[in-house]
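Visitor: The sequence isn't on hand, but the structure is:
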């Protein structure tokens, strides 16, 4: 686990120095909020918990918590997912 963390830190620094997007170089999660009705995430590591009012998603080194009403996982592939509903907040841990 420690080796992976150091590797990711090196890739992040390299991406910054070369002015490249970190999500492409280091496989970092990318989160996009579209208004208050959609959350898109690339490079996720899986759903940790799922409910109509809160969804927790692993981003590897981060935890994404989506809060709202009538939340629904509309699409999910190995690397991308789409959540719809009335989004009240998105928290990172």
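Guide: Great, that's in hand. All values reported here derive from a predicted model rather than from experimental measurement.

Visitor: how about the strands of the protein, start to end?
Guide: 30-34, 38-42, 46-50, 54-58, 63-76, 80-92 (DSSP state E).

Visitor: any low-confidence regions in the chain?
Guide: Across the chain, the ranges flagged by pLDDT under 70 are 1-5, 7-8, 11, 15, 20-27.

Visitor: Quick check: closest non-adjacent residue to residue 69.
Guide: Spatial nearest neighbour of residue 69, chain neighbours left out: residue 86 (4.3 Å); criterion: C-beta to C-beta, 6 or more residues apart in numbering. For the C-beta atoms, the positions are set from N, CA and C on the backbone; glycine is no exception.

Visitor: thinking again about what came up before, any chance of the strands of the chain in a markdown table, plus mean neighbour count and distance to residue 12?
Guide: Formatted as a markdown table, those follow (neighbours: other C-beta atoms under 10 Å; distance: least, C-beta to C-beta, whole Å):
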| stretch | mean neighbour count | distance to residue 12 |
| --- | --- | --- |
| strand 30-34 | 14 | 13 |
| strand 38-42 | 18 | 16 |
| strand 46-50 | 12 | 21 |
| strand 54-58 | 18 | 18 |
| strand 63-76 | 15 | 18 |
| strand 80-92 | 16 | 16 |
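
Visitor: any chance of those in TSV, with distance to residue 13 too?
Guide: Putting the strands of the chain into TSV (distance: least, C-beta to C-beta, whole Å) gives the following:
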stretch	distance to residue 13
strand 30-34	18
strand 38-42	21
strand 46-50	26
strand 54-58	23
strand 63-76	23
strand 80-92	20
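
Visitor: out of these, which comes closest to residue 6?
Guide: The closest of the strands of the chain to residue 6 is strand 54-58. By C-beta to C-beta, the value is 19.7 Å.

Visitor: who does the closest one touch, helix- and strand-wise?
Guide: Under the contact criterion of 3 or more C-beta pairs under 8 Å, 6 or more residues apart in numbering; DSSP states H and E, strand 54-58 touches strand 46-50, strand 63-76.

Visitor: any chance of these in TSV, with distance to residue 56 too?
Guide: Below are those laid out as TSV (distance: least, C-beta to C-beta, whole Å):
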stretch	distance to residue 56
strand 46-50	4
strand 63-76	5
